[in-house]
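In: need a structure here:
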Amino acid sequence: MRAIVIDDSRAMRAILRQALIPRGFEVIEAANGKEALTRLASAGPVDLALVDWNMPEMNGYEFVKAIRLDGTRADMRIMMVTTETEISQMVKALEAGANEYVMKPFTADVITEKLALLGIDCAEAA
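Out: You can find the predicted model right below:
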């Protein structure tokens, strides 16, 4: 399985990469939504996007809307991974097309639980 981690924090991308690789993912990284769209244009199939909300140039919400409006990656599951804790923000992201929502800070076990909710069996992915 392939995942793209989209976060302007290099440290957060590293944490998510370290959580995903042992679970069988090949990981692509991008520092914002705009860069992610560019990388996805030539990346081939990507099964999962983990997206921060607050980023420069194109934030995570704008990225989710762009991906869902485009429709070519309708089967890519999107998990918001963010410090946005307001219920209204969570609802806004889910209505835009995000499939799951994780609030920072999190543990690797939380990521595994959310992957299971998305129908991704980490044992199978490894």
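In: now the phi/psi pair for the residue positioned nearest the centre of the chain, please.
Out: With distances taken as CA atoms, centre = their mean, the residue of the chain nearest its centroid is Leu50 (1.3 Å). Taking degrees, to the nearest 10, you get phi -110, psi 120 for the backbone angles of Leu50.
In: just the endpoints, please. Distance across stretch 16-26?
Out: 12 Å (CA to CA, to the nearest Å).
In: stretch 69-79 now?
Out: Per CA to CA, stretch 69-79 runs 17 Å from first to last residue.
In: what does it rub up against?
Out: 40, 46-51, 64, 67-68, 97-102, 114, 118-120 (CB atoms under 8 Å, 6 or more residues apart in numbering). Bear in mind the C-beta positions are built from the backbone N, C-alpha and C, glycine included.
In: give the buried residues for it.
Out: Arg73, Met76, Arg77, Ile78, Met79 (16 or more other CB atoms under 10 Å).
In: do the same with stretch 32-42
Out: Asn32, Gly33, Lys34, Glu35, Ala36, Leu37, Leu40.
In: and the first one, how far from Ile4?
Out: Put plainly, it is Asn32. 12 Å (CB to CB, to the nearest Å).
In: ok, the third one next?
Out: Going from Lys34 to Ile4 by CB to CB gives 13 Å.
In: before we move on, what about the fourth one?
Out: In this structure, Glu35 and Ile4 are 10 Å apart, going by CB to CB.
In: for this structure, what spans make up the helices?
Out: Applying DSSP state H to the chain gives helices spanning 10-20, 33-41, 60-70, 87-96, 108-117, 122-125.
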